[in-house]
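Novice: have a look; sequence and predicted model below, questions after that.
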Amino acid sequence: MAAAFGALALIVAVPTSAGAASGDFSYTYSGLNGSPRIGILFDPPSRVCLTLPEVADPHSSSPAHTPWNHTDATATVFTGVDCEGDHFSLRPYGGHASSRLKLRSVVFS
């Protein structure tokens, strides 16, 4: 009985992927020499604002663009850091936008 209770307590205490979107989210940004680079978030956490590290400083970087959402959650992208500014939602399993959509942060449902 004690072993069963201990196992149940361990299952409840160990975090699971329920708090993360499964899959990857990609975007394009400009590298230091101006060449296009691809950024990828693998299994990003849900309900947490993620500022994209490569474009976090609006004074020294252009925003990212061309997002692809290959997660199982809706991705809401924002024009500003810290999920501020205009926003647009990308559906799960392949939602994407063109290079006209600029972004600096994202949150997954």
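Specialist: All right, it came through fine.

Novice: how about the strands in this protein?
Specialist: 23-30, 36-42, 50-51, 64-71, 75-78, 87-90, 95-96, 102-103, 105-108 (DSSP state E).

Novice: could those strands go into CSV alongside mean pLDDT?
Specialist: Output for the strands of the chain, formatted as CSV (pLDDT from 0 to 100):
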stretch, mean pLDDT
strand 23-30, 98
strand 36-42, 98
strand 50-51, 98
strand 64-71, 98
strand 75-78, 98
strand 87-90, 98
strand 95-96, 97
strand 102-103, 98
strand 105-108, 98
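
Novice: turn those into CSV, including distance to D57 and mean neighbour count.
Specialist: Bear in mind the C-beta positions are built from the backbone N, C-alpha and C, glycine included. As requested, the strands of the chain are arranged in CSV below (distance: least, CB to CB, whole Å; neighbours: other CB atoms under 10 Å):
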stretch, distance to D57, mean neighbour count
strand 23-30, 12, 19
strand 36-42, 15, 13
strand 50-51, 10, 16
strand 64-71, 12, 22
strand 75-78, 15, 24
strand 87-90, 20, 16
strand 95-96, 25, 16
strand 102-103, 14, 23
strand 105-108, 12, 23
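
Novice: dump those strands into CSV; add distance to P58 as well.
Specialist: Below are those laid out as CSV (distance: least, CB to CB, whole Å):
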stretch, distance to P58
strand 23-30, 13
strand 36-42, 16
strand 50-51, 11
strand 64-71, 12
strand 75-78, 12
strand 87-90, 16
strand 95-96, 24
strand 102-103, 11
strand 105-108, 11
